[in-house]
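Visitor: compute the structure for the input listed below.
(4 chains)
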Protein chains: 4
Amino acid sequence: MAEPVKIVTGIGNAELHRILVRGYDLNKELVGKITFTDMTSLILRGRLPTASEAKMIDALLIILVEHGMISHVVAARLIYHCAPEAMQGAVAAALCGAGSVHLGSSEWSAKMLVDALPVDAEKPDFDAIAASIIDDYDKRKQRMPGIGHRTHAEGDPRVETLVGIAKETGVYGKYCELIEKLSALTSERRKRLIPVNVTGIIGAIALDMGYPWQITKAFALIGRTLGAIGHIAEEIRNPMATKIDAVIKQALVYEPERM
Amino acid sequence: MAEPVKIVTGIGNAELHRILVRGYDLNKELVGKITFTDMTSLILRGRLPTASEAKMIDALLIILVEHGMISHVVAARLIYHCAPEAMQGAVAAALCGAGSVHLGSSEWSAKMLVDALPVDAEKPDFDAIAASIIDDYDKRKQRMPGIGHRTHAEGDPRVETLVGIAKETGVYGKYCELIEKLSALTSERRKRLIPVNVTGIIGAIALDMGYPWQITKAFALIGRTLGAIGHIAEEIRNPMATKIDAVIKQALVYEPERM
Amino acid sequence: MAEPVKIVTGIGNAELHRILVRGYDLNKELVGKITFTDMTSLILRGRLPTASEAKMIDALLIILVEHGMISHVVAARLIYHCAPEAMQGAVAAALCGAGSVHLGSSEWSAKMLVDALPVDAEKPDFDAIAASIIDDYDKRKQRMPGIGHRTHAEGDPRVETLVGIAKETGVYGKYCELIEKLSALTSERRKRLIPVNVTGIIGAIALDMGYPWQITKAFALIGRTLGAIGHIAEEIRNPMATKIDAVIKQALVYEPERM
Amino acid sequence: MAEPVKIVTGIGNAELHRILVRGYDLNKELVGKITFTDMTSLILRGRLPTASEAKMIDALLIILVEHGMISHVVAARLIYHCAPEAMQGAVAAALCGAGSVHLGSSEWSAKMLVDALPVDAEKPDFDAIAASIIDDYDKRKQRMPGIGHRTHAEGDPRVETLVGIAKETGVYGKYCELIEKLSALTSERRKRLIPVNVTGIIGAIALDMGYPWQITKAFALIGRTLGAIGHIAEEIRNPMATKIDAVIKQALVYEPERM
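Guide: Numbers count the residues shown, from 1 in each chain, chains lettered A, B, ... in the order given. A predicted model of the protein is given here:
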């Protein structure tokens, strides 16, 4: 028989009388003593946050909870309407939409920033790095993530808020600076405002806080889970999925297509 | 043309320069000023919480974040391993497991409590109601949700913690009392401890806080979203999905079955 | 060390040079020799189908592929629009809607039929069983699954088609008879047509073919996977998710709600 | 009021007494007359298939249904165990794993082929194109999709089967030729066999049949939906999710990690 495989995890463990999280006793040391925001830092960063970090994390968790009747929550409402006995499926449907176009683009934006500016880089030349990123995307004819927004074309108010808190809490660092430089330089070249967008600044802030780029959309996923449940809860009080269906059907024209 | 359909929502709205949430300006009044826990109350209950409620909500959000290498996070790790470019799908997979057997049973337990004891009931006879619930489940030969636990057969330490906070914050009310009575009476009849389980007490506390039974698993869904991302983040630092595959394959025997 | 756990599966196995499915060599005995419909029977029933069964399965797989711009495919389109790099998430979102209200109700309907009429029952009294089911649902004030349809209130043309094929292929059996009896008796009592609906007849046919009630919605899930991809493929050729968003927003009224 | 938005779809429409699919009457012209495989072509390609195409589609649909106890079906079993009342969620979890590493890589492979060899290219120089793709991936230090396989390192038997059917049915075209050339040239350079893998050949065949690269994983998604349900159905007959949990826990070591 082969050497037994060992699977080593450092996150948590459930014993008969204790549940351990990052080495803390969940019941004796965490619940009732820390906030969910603290727990977010403990789980994702491996330590409890400073007060400044907690303030920043709260902002990152809150900022994407709600954005009106957008695709993710419409999907959640429709799926809930079809399967009300499995509300978790409706939430899962909403989360599946945290991709590169909406909600999930922090990840792609953060990857772009890290690829261009390594975590351990010192005294970076922001102008040169920003120019090189822009040239690279131009050459590949790809749309740069992290800047530009359809609804908030004149600048997303959420970005200003987050940048303000990042500066106030001392989190603002080289990745925030780089993405603001990217926006400024792109705007200059295209002679119109191409603002930093909300998922762009979230990615930059998360990098500046030390999160790996791959999980920078954690905040959006947690926040939107709450947001989706908020819409589902309204759907329960005041169902509107059939009205959503109705307005789509009113606009619908069927023109059978064959090849 | 038919009268235009109107879809009225009270949650949020995204304008060009403002995002409104329950009538508050997201950027001016919420981000940087409230915690994610406050936001949870605002979204799900329609108002900011008192300090006591916030403490209770924090406990409800934290308590199910992490329980070691359980089914939901194993599923999340395996799916992430197959589709690392779409981490949201791995989180969605984990959430799909918030059903009646694990993680999601608050909903079924809370429904059972509300069906037996209406929200506006006054001076309920807890003994009679508990007995009637037990008889009803016995008659239908169904397993009662909210009490009993496989891993924590001698009592789930999380329940004691939550009950303590519920009492301390003044949240403890008739639904907490009823589920404790259910456990006591069932234990008495079966002559062995059938403890309240963690999703049972979460459901009862959420009802006592005024949440509708259908969304009592909101806390579990939000918490486990964080927990799943924690495991995915470890999977990124230290991949173990192929080891999980390996230990399953070591135990696997193929005995082709046909009819 | 504890006795090693053995996990015994009868479905399939991947060896270095062979893939086995229910004991067949996938490459030498199945691919190129059988249809996907045959494979459905092999996987779900453990044997290849007769020609009659194959005809019936084809009908069950096809019947729910497409039903216009309904909730599941709207959700798929919206999620695809947000995360086009992870099309599987959009399909998953659609499938999450296969619940008790739409698409997935075969399961609940089939369970109702089996609970009332065991698989090994002989010479059942259909009138008595149907009356007893109806009385039971009336008493619990629950809506009976399997009969009644919002869009096709005058009778669902798909039911007639499936019943025709079930009779032609000899699949029509006691469960088909029972659900037709349920519809007839309910219509008589309410003095208006309450037709068998499409998921109801699918459940009954699947039971008559020997499928367990729990997986009677397999056909809907497979069919709708194809249907959802069909809509996503159109979304790629001719994007309409933003138009769907637009018509919803045109109908939207924001009336901030607080408690 | 703005000009009403029109949403034009060519797939299907549900009328009161008719359901139309690509202009066909579902009940009168399709169900009972065509196979699910024909329906797949009708939905995804806009026309019924020739007999040769149908044979090829059957092979594409069957080939990935089953591959033993792999990640996707383990995830489906675990999620089903937690939420048996919502089997659709377990299937959705499995599908979420159809990503770039396993099951879903047809898409990435097909995109690579189309980017290098446009659909309307005539008399392509396969050697030059293959060399240019390899050089490009080498330069970017990325792993090429479509070739190489962990389990089937000496060649995947499924590829040979599919290539055989592609040649027999006349489907084999420039994309099949290109991916075989890619494998040959890479093997030559690395002085060891780097075989075409199964998702690579599926992508190439689908392109040769005229499917857009974005939906080449449709076949895998449909097939694996069936496969996942097959495993769930076995889980119902013979539950093994708790055994899967047990073998993972036996191998588990908890070493609390903090930063």
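
Visitor: and the top helix by length along chain A, is it in reach of chain B?
Guide: Ranked by residue count and defined by DSSP state H, the top helix of chain A is helix A:218-237. Yes - Helix A:218-237 is in contact with chain B by Cβ under 8 Å from any Cβ of the partner chain, via A:218, A:221-223, A:225-227, A:229-234, A:236-237. Backbone N, C-alpha and C define where each C-beta goes, glycine included.

Visitor: can you tell me which of those are buried?
Guide: Buried by 16 or more other Cβ atoms under 10 Å in any protein chain shown: A:218, A:221-223, A:225-227, A:229-234, out of the residues of helix A:218-237 next to chain B.

Visitor: mind listing the helices for the stretch 101-250 of chain A?
Guide: With DSSP state H, counting those that start in this stretch, the ranges of helices along the stretch 101-250 of chain A come out as A:106-116, A:126-140, A:157-168, A:174-190, A:198-208, A:218-237, A:241-251.

Visitor: for chain B, what are the nearby residues on the stretch 151-259 of chain A?
Guide: Residues of the stretch 151-259 of chain A lying close to chain B (Cβ under 8 Å from any Cβ) are A:151-152, A:154, A:157-158, A:160-162, A:164-165, A:168, A:212, A:214-215, A:217-218, A:221-223, A:225-227, A:229-234, A:236-238, A:240, A:243-244, A:246-247, A:250.

Visitor: how about low-confidence regions in chain A?
Guide: Applying pLDDT under 70 to chain A flags residues A:1-2, A:151-152.

Visitor: so which bits of it are right by chain D?
Guide: A:4-13, A:20, A:22-23, A:45-47, A:83, A:85-86, A:88-89, A:92, A:96, A:248, A:251-259.

Visitor: quick one, which of these are buried?
Guide: A:5, A:7, A:9-13, A:20, A:22-23, A:45-46, A:83, A:85-86, A:88-89, A:92, A:96, A:248, A:251-252, A:254.

Visitor: how close does A:Tyr24 sit to A:Ala54?
Guide: In this view, A:Tyr24 and A:Ala54 are 17 Å apart by Cβ to Cβ, to the nearest Å.

Visitor: list the ones among the residues of chain A next to chain D that fall in strands.
Guide: Mapping those onto strands (DSSP state E) picks out A:Ile7, A:Val8, A:Thr9, A:Gly12, A:Asn13, A:Leu20, A:Leu252, A:Val253, A:Tyr254.

Visitor: need the residues you listed in a markdown table (columns: distance to chain C).
Guide: Shown next, in a markdown table, are those (distance: Cβ to the nearest Cβ, whole Å):
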| residue | distance to chain C |
| --- | --- |
| A:Ile7 | 15 |
| A:Val8 | 18 |
| A:Thr9 | 19 |
| A:Gly12 | 23 |
| A:Asn13 | 18 |
| A:Leu20 | 22 |
| A:Leu252 | 6 |
| A:Val253 | 10 |
| A:Tyr254 | 8 |
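
Visitor: quick check, nearest of the residues of helix A:218-237 next to chain B to D:Gly32?
Guide: The nearest member of the residues of helix A:218-237 next to chain B to D:Gly32, counting by Cβ to Cβ, is A:Ile232 at 39.3 Å.

Visitor: right, and the closest one touches B:Ile215 too?
Guide: Yes - when contacts are counted by Cβ atoms under 8 Å, A:Ile232 is listed as touching B:Ile215 (7.0 Å).

Visitor: intersection of neighbour lists for the two?
Guide: Shared contacts of A:Ile232 and B:Ile215, defined by Cβ atoms under 8 Å, 6 or more residues apart in numbering or on different chains, are found at A:Met87.

Visitor: kindly provide the distance from the closest residue to chain B within the stretch 151-259 of chain A to B:Val21.
Guide: Proximity of the stretch 151-259 of chain A to chain B (Cβ to the nearest Cβ) peaks at A:Gly230, 3.9 Å away. For A:Gly230, the distance to B:Val21 (Cβ to Cβ) stands at 9 Å.

Visitor: so what sits against both of the two?
Guide: Contacts common to A:Gly230 and B:Val21, judged by Cβ under 8 Å, 6+ apart, are A:Val65, A:Glu66, B:Ile11, B:Ile43.

Visitor: tell me the SS of the second one?
Guide: I take that to be A:Glu66. coil (DSSP: H, G, I helix; E, B strand; the rest coil).

Visitor: show me the contacts for it.
Guide: A:Gly227, A:Gly230, B:Ile11, B:Gly12, B:Ile19, B:Val21, B:Leu26, B:Ile43.

Visitor: if you set the cut-off to 7 Å instead, what comes out?
Guide: A:Gly227, A:Gly230, B:Ile11, B:Gly12, B:Val21, B:Ile43 (Cβ atoms under 7 Å, 6 or more residues apart in numbering or on different chains).

Visitor: what of the last one?
Guide: B:Ile43 makes contact with A:Val65, A:Glu66, A:Leu226, A:Gly227, A:Gly230 under the criterion Cβ under 7 Å, 6+ apart.

Visitor: repeat that for 10 Å
Guide: A:62, A:65-66, A:223, A:226-231, A:233-234, B:11-12, B:21-22, B:218 (Cβ atoms under 10 Å, 6 or more residues apart in numbering or on different chains).

Visitor: now swap in the third one and tell me
Guide: Neighbouring residues of B:Ile11 by Cβ under 10 Å, 6+ apart: A:65-66, A:68-69, A:73, A:227, A:230-231, A:233-234, B:20-23, B:42-43, B:46, C:254, C:256-257.

Visitor: closest one of the residues of helix A:218-237 next to chain B to chain D?
Guide: Distance ranking of the residues of helix A:218-237 next to chain B against chain D, using Cβ to the nearest Cβ, places A:Leu221 first at 13.5 Å.

Visitor: returning to that earlier point: how much does the longest helix of chain A deviate in direction from helix B:218-237?
Guide: Angle of helix A:218-237 versus helix B:218-237, following axes from the mean of the first three to the mean of the last three Cα atoms, to 10 degrees, is 160 degrees.

Visitor: mind checking if helix A:218-237 is in reach of chain C?
Guide: Yes - judged by Cβ under 10 Å from any Cβ of the partner chain, helix A:218-237 comes into contact with chain C at A:Glu234, A:Arg237.

Visitor: could you tell me the angle between that helix and helix A:241-251?
Guide: Interaxial angle of helix A:218-237 relative to helix A:241-251 (the same axes, to 10 degrees): 90 degrees.

Visitor: chain C contacts on the stretch 51-200 of chain A?
Guide: Counting by Cβ under 10 Å from any Cβ, the residues of the stretch 51-200 of chain A that sit close to chain C are A:68-105, A:108, A:150.

Visitor: would you show me how to pick out the buried ones of those residues in ChimeraX?
Guide: Restricted to buried positions by 16+ other Cβ under 10 Å, the ChimeraX selection for these reads:
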select /A:68,69,70,71,72,73,74,75,76,77,78,79,80,81,82,83,84,85,86,87,88,89,90,91,92,93,94,95,96,97,98,99,100,101,102,103,104,105,108
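
Visitor: thanks a lot, catch you later.
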